[in-house]
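Novice: coordinates only, sequence not included:
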C-alpha cells in the first residue's frame, strides 16, 4: 500500500540554522503530499501541501517540493527559530492520510 | 467554526472496562476519520465515515472497537474490554470533500488520550 518514510530524529539545531527533513513516498497513483506539525501539547496542524508533481508548498518559511522523479517531498527552512520546536510528520493521501513516523525537532536559543 | 472537538481529553481506566470517545466535527464537513497515535509514532488510520456510512475499517480495528456516526454529525468510538495495548491518543479529523481530497484540508481535533492500567 501507499506509505511514507521520513528521516528519523531527533534533530537538535541552533537558532538560525538550516533545517532539512527528508521524506520519500511509495504510491501506486498520484497522491497529494503534506507536512503536518505537532507543537508541544497541541493537535496536528497542516503546515503545507502539494497536490501534483513539481508543486511547491510553503508556509511560515518552510518549503517542500513534490518531486515525482525521486518520489520525495523534503521539508526545508532556511533559518529556524526556537518556536519551530515540534514534531513534523510527512503524509500522503489518496482518500485518507498515511503518515510517517514523525521527526522531533528541537531548536536551541 | 469551533474546529473539531473531542471528549474526553483524557481517560484513565482499568483493564477490562469499556470506554467511549466522542468527536464533533466541523459542521459542514461530510467526512470524518479516526486515527490512533502511540508515543513516538505517526497517526495510524482506524476508520472513516462519509456522512453516516462507515466506508473502511483498518485491520487495527479489532472486534472490540466500534465506531458510529449517526445522522452524519458527531461520531463515537467505543472500545470494549480495554487492554493495556489500547493506551494511545485517539485522534478525530474531518474534511469537506469537494474537488478531491487534496483540494481541502483535513482538520484534526486535539485528541483523546487513553491510559489503561
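Specialist: Arrived safely, thanks for sending. Quick caveat: nothing in here was measured; it's all calculated off a predicted structure.

Novice: partner residues bridging residue B:116?
Specialist: Residues in a beta bridge with residue B:116, per DSSP bridges, are residue B:13.

Novice: Kindly report the residues of chain A close to chain B.
Specialist: A:31-32, A:36, A:42-46, A:49, A:51, A:89, A:91, A:93-102 (Cβ under 8 Å from any Cβ of the partner chain). For the C-beta atoms, the positions are set from N, CA and C on the backbone; glycine is no exception.

Novice: Contacts only, for the residue most central in space within chain A.
Specialist: What sits nearest the mean C-alpha location of chain A, by Cα atoms, centre = their mean, is residue A:35, with 3.8 Å. By Cβ atoms under 8 Å, 6 or more residues apart in numbering or on different chains, residue A:35 lies in contact with A:23, A:46-49, A:57, A:62, A:64, A:73, A:75, A:88-91.

Novice: re the thing from before, narrow the residues of chain A next to chain B to just the buried residues.
Specialist: A:31-32, A:36, A:43-44, A:46, A:49, A:51, A:89, A:91, A:93-94, A:96-102 (16 or more other Cβ atoms under 10 Å in any protein chain shown).

Novice: and chain B, which of its residues are near chain A?
Specialist: B:33, B:40-45, B:48, B:56, B:91, B:93, B:100-103, B:105-111.

Novice: Buried among these? Make that a PyMOL selection.
Specialist: Paste this into PyMOL to select the buried members of these, with burial taken from 16+ other Cβ under 10 Å:
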select buried, chain B and resi 33+42+43+44+45+48+91+93+101+102+106+107+108+109+110+111
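
Novice: Which of the residues of chain B next to chain A fall in helices?
Specialist: Assigned to helices by DSSP state H, none of these qualify.

Novice: how far away is residue A:64 from residue A:23?
Specialist: 8 Å (Cβ to Cβ, to the nearest Å).

Novice: Identify the contacts common to the two.
Specialist: With Cβ under 8 Å, 6+ apart, residue A:64 and residue A:23 have common neighbours A:33, A:35, A:73-75.

Novice: Tell me the residue of chain A that sits nearest chain B?
Specialist: The minimum distance from chain A to chain B, using Cβ to the nearest Cβ, falls at residue A:32 (3.0 Å).

Novice: Could you list the buried residues of stretch A:100-109?
Specialist: Under 16+ other Cβ under 10 Å, the buried positions of stretch A:100-109 are A:100-103, A:105, A:107.

Novice: How about stretch B:67-85?
Specialist: For stretch B:67-85, by 16+ other Cβ under 10 Å, it's B:67, B:69, B:72, B:74-75, B:77, B:79, B:82.

Novice: Out of those residues, which two sit at the greatest distance?
Specialist: When Cβ to Cβ is used, the two most widely separated members of those are B:72 and B:82, lying 27.6 Å apart.

Novice: wait, isn't residue A:3 in contact with residue A:26?
Specialist: Yes. If you go by Cβ atoms under 8 Å, residue A:3 and residue A:26 touch, sitting 5.1 Å apart.

Novice: can you give me the strands in the chain?
Specialist: Chain wasn't specified; assuming chain A. A:3-6, A:11-14, A:19-21, A:23-26, A:32-38, A:44-50, A:56-59, A:62-65, A:75-77, A:86-93, A:97-99, A:103-108 (DSSP state E).

Novice: wait, I meant chain B there
Specialist: B:5-7, B:10-13, B:19-24, B:31-37, B:44-50, B:53-57, B:65-68, B:75-79, B:88-95, B:107-108, B:112-116.

Novice: All good on my end, thank you.
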